[in-house]
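Novice: The following block contains a protein sequence and its predicted model.
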Amino acid sequence: MAKLIKTLVCLLITMANIQAQTFPFKPFHTIEGYKGFILDTRLSAKNTYLAVATNQNRVELRDQSFEKIWSYQNNPANYGMDLCFAPNEKHLVFSKYQSFRDAGVLDIAQKKIIQKLKTGGAAIVQYSPDGKFLITAGKARQSSTGIIKVWQWKGNQFELLQSFPYQHKRFQNFRSIAFSPNGQYFALLGTMANVLVYKRHKKKFSFFQLIAQRSWTRGVAFHPDGKYLAFGTRTKLYSLRLDKRKQFVYNDSIRVYGGEIRDLRFTPKGKHLLACNKQIRVYAWKNGKFEHGEEEDTYDLHGSNVFALDANKDLIVSGGKDKRLIIATSGKVPAKQVTKNNTQGKKGDTKKVAKTKFESDDLDFDVGASGKNYLLVVGINKYQSWKPLVNATTDARKVAKILQKRYGFTKANTIEVYDEQATNKNILKQLSSLREKLTSQDNLLLYYSGHGYYNAAIKEGFWIPFNAQKGEETQYLANSTLLKYIKAIKAKHIFLVADACFSGSLFTQGKRGYIENVEKYRSRWGFASGRLELVSDGTIGESSPFATYFLKYLSQNQKKRFPISELIQYVKVAVSNNASQTPIGHPLKNVGDEGGEFVFYLKK
C-alpha cells in the first residue's frame, strides 16, 4: 500500500532560516578562573603548545595536556597582548612585553625571554610561514601614524630589516594581520577602513595594494590555496580573489549577525571559514564564495562576546568576555587524554579543581546529583475530524517500550496517552501532574506522534488533539501554551520530540554543539521530524521514517551514555537521506535552557 502522508503542510517555519548543523564541532575541555577577558589565544604549528593572553596583560603557555608551563604578567593597564608562535615551535612572540611599544621573544625550551623588540607602537605580531620574518604593526605614540616593521631572523635573534609608516585621517590602530600560505603576501587591517596588502620580493617587502573599505575592518585570513583572502567588518564578511593580473578583487560578501567580527580562521582543507563575534560562526566555503549565502552553524559556547579564536589541524580554541578558554575538535576527541580544569589561586597559581577523562569518542559526563527519568508519550492514529494516521500510535508505544527496556525509564514514571485519551484537556492535565511531581534533579522526555498545524498569519504552531475539529484553532494545542507548561516544570532536562511537521517558533535561532559536562546545565530541547514539507507517516504496519531511525539508534546503540545531540545528528542525516523531509533539533526558546543536554544511559 502506498505510503500515507500526514496532512500537515507547514506554510512557514520561522522568519529565520534554521539550518542543520553540518560542521563537526565538539567542545571537550574548558579552562576557567582567568581574572581578565581572554583577548588572544594561539595554537602552535603541531598543536604542541597553546598560548593565552588576557586583557590584564598576562600571557601564559600551556602544553599538549593544556597544563600551564609558563606565564608572564606585565602592567595590567597595558590591556592585552597579541601572540604568535614560530612555525618550528621554538619561540613565542607577544606584544606589550614591558610597554605599549615593544614585544618579547620567548625561548620555549628555556622558558626565558631572549629578546625585546622595539616595535614603536601597540603592536600586533605575525610570523611568516617559513619563520624567517616577523611583522609587527602598531600605532606610534601620540600620533595618527601607523608603524609597520619587518624583522628578519639572523643567528639567534631578530634584526630590523624594514620599517614602513602608514598615515590615514581615520587611523587609530592596526587590529589583524595574516600571511599567505606561500609567504609572498601579508594583509594588514584595522581602524582605518582599508585593507593593506604587502608583497615579498626576494628578501624585502613592499606595499602592493590598498583595498578600500568604508567600515573598520577586523579579522583576516588567507585561504589554504593562497588564491583567496577573507576579512570582516562590523556588518559583513568579504571574499577577495587574486585575478589574472595578480590583483586582489572583491569576489563575494555575506551579511554578518551578532556584531563585529574579531577573528577569522580557515579550516585546514579550506572547506569552512570560522569567525567569532558574540558567537562562533561557521561558513561553508567553495571556490572563494560563501556557499549557502549565510552562516552554516553558530555555537554559543561562551554566552557573551568571543574575542579570540584559533584553529589548527582538528583543534579549535576560543576565549572571550566570560573569562573561559574552550577547546574543541572538528575530528575525534583526543583518545585517552586526561585533561584538568584549572582555576586561578589567590596568587595567580593554578589549582586543580576537576579532572575529566576522555576515551575515544565516548565523553565522560559529570552526572551530578541523581534524579529520575519521566516519560510522557502521546500517539494519535484516530481523529474525530482529521484524516486518520496509520503508525503514530504504534510508533509512540515502541518508543516507550525501548526507553523502558534499555535506558532507565520505568513504567511507574511513564504516562502513555493514545487516541481517544489524547484530548487537549487530558494532555494539559498530564503536563500539570508532571509539573507538580518533578524536582529540579529529574528529567522529562515528551514524545508526540500525530497531526500538526501551522498558522502563518500569527506565526503559531499547534498539535492536533484527538477531538479537535478542523478549522477550530481554539481546540488545538498551541506551541505557546505547550512552552508555558514546559517552562513551569522544574526538571533538570526536558527533551521534546515530535513526529509531525513542527513549528520552528519553538526553537532558538542560535545553534550550538554540546559543551563539556553538559549534564551540569539545565536543558530544554525540541526535535521535530520535518520543516516546510509534507511528512510521511510510513507504510501500514511499519514506522514513519522519523520513528524508524529514532528507534533504530536507541535499539542498536552500545555506548554507555550519549547526549541527545548525537541522537539528533544520526536521525537527521538518516531521514534526510532516505525520505523527502529534513528533521530539525535545537534548544527551545525562552523556557529556561542553560546550555546543557539530556543524556541517555544504557541500563547496566
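Specialist: Received it, and whenever you're ready, just let me know what you need.
Novice: which regions of this structure lie under the pLDDT threshold?
Specialist: Residue ranges of the chain with pLDDT under 70: 1-22, 142, 192-193, 294, 335-370, 501-521, 530-538, 540-541.
Novice: Report the central residue of it.
Specialist: residue 299 (2.3 Å; Cα atoms, centre = their mean).
Novice: Which residue ranges of the stretch 451-600 of the chain form strands?
Specialist: 452-455, 460-463, 477-478, 493-501, 523-530, 536-538, 561-563, 584-587, 599-601 (DSSP state E, counting those that start in this stretch).
Novice: for the stretch 151-300 of the chain, same thing?
Specialist: Using DSSP E, counting those that start in this stretch, strands in the stretch 151-300 of the chain cover 157-167, 174-179, 185-190, 194-201, 204-212, 217-222, 228-233, 236-242, 248-255, 263-266, 272-276, 280-286, 289-290, 297-299.
Novice: Does anything pack onto the fifth one? Which helices or strands?
Specialist: If you count contacts as 3 or more Cβ pairs under 8 Å, 6 or more residues apart in numbering; DSSP states H and E, strand 204-212 packs onto strand 157-167, strand 194-201. No exception for glycine: its C-beta is placed from N, CA and C like everyone else's.
Novice: what does the third one give?
Specialist: Contacting strand 185-190 under the criterion 3+ Cβ pairs under 8 Å, 6+ apart are the following elements: strand 133-139, strand 174-179, strand 194-201, strand 217-222, strand 228-233.
Novice: relative to strand 204-212, how tilted is the first one?
Specialist: Between the axis of strand 133-139 and that of strand 204-212 there is an angle of 50 degrees, by axes from the mean of the first three to the mean of the last three Cα atoms, to 10 degrees.
Novice: try the fourth one
Specialist: Relative orientation of strand 217-222 with respect to strand 204-212: 120 degrees, computed using the same axes, to 10 degrees.
Novice: partners of strand 217-222, with directions?
Specialist: strand 228-233 (antiparallel) (DSSP bridges).
Novice: Distance to residue 33 and mean neighbour count for the strands of the stretch 451-600 of the chain - can I get that in CSV?
Specialist: Formatted as CSV, the strands of the stretch 451-600 of the chain follow (distance: least, Cβ to Cβ, whole Å; neighbours: other Cβ atoms under 10 Å):
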stretch, distance to residue 33, mean neighbour count
strand 452-455, 46, 22
strand 460-463, 43, 24
strand 477-478, 45, 22
strand 493-501, 27, 26
strand 523-530, 25, 27
strand 536-538, 51, 25
strand 561-563, 25, 20
strand 584-587, 27, 22
strand 599-601, 26, 20
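Novice: Of all those strands, which one comes closest to residue 47?
Specialist: Among the strands of the stretch 451-600 of the chain, strand 561-563 comes nearest to residue 47, with 25.2 Å by Cβ to Cβ.
Novice: strand partners of that closest one, parallel vs antiparallel please.
Specialist: Strand 561-563 has these strand partners (DSSP bridges): strand 599-601 (antiparallel).
Novice: The partner strand: how far from the chain's middle?
Specialist: Distance, stretch centre to chain centre, for strand 599-601: 22 Å (Cα atoms, centre = their mean, to the nearest Å).
Novice: ditto for stretch 83-94
Specialist: Counting by Cα atoms, centre = their mean, stretch 83-94 comes out at 27 Å from the chain centroid.
Novice: what's the span of it, first residue to last?
Specialist: 5 Å (Cα to Cα, to the nearest Å).
Novice: before we move on, what about stretch 34-43?
Specialist: With Cα to Cα, one end of stretch 34-43 sits 18 Å from the other.
Novice: what's the distance between it and the middle of its chain?
Specialist: 18 Å.
Novice: In it, which residues are buried?
Specialist: Neighbour counts over stretch 34-43 (16 or more other Cβ atoms under 10 Å) mark 34, 36-43 as buried.
Novice: for stretch 446-459, same thing?
Specialist: 446-454, 459.
Novice: Show the end-to-end separation of that stretch, please.
Specialist: Terminal-residue distance, stretch 446-459 (Cα to Cα): 23 Å.
Novice: all helices in the chain, in order from the N-terminus.
Specialist: 392-406, 424-437, 479-488, 545-556, 564-578 (DSSP state H).
Novice: would you list these in JSON lines and tack on mean neighbour count and distance to residue 123?
Specialist: Shown next, in JSON lines, are those (neighbours: other Cβ atoms under 10 Å; distance: least, Cβ to Cβ, whole Å):
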{"stretch": "helix 392-406", "mean neighbour count": "20", "distance to residue 123": "58"}
{"stretch": "helix 424-437", "mean neighbour count": "16", "distance to residue 123": "58"}
{"stretch": "helix 479-488", "mean neighbour count": "18", "distance to residue 123": "50"}
{"stretch": "helix 545-556", "mean neighbour count": "20", "distance to residue 123": "52"}
{"stretch": "helix 564-578", "mean neighbour count": "18", "distance to residue 123": "41"}
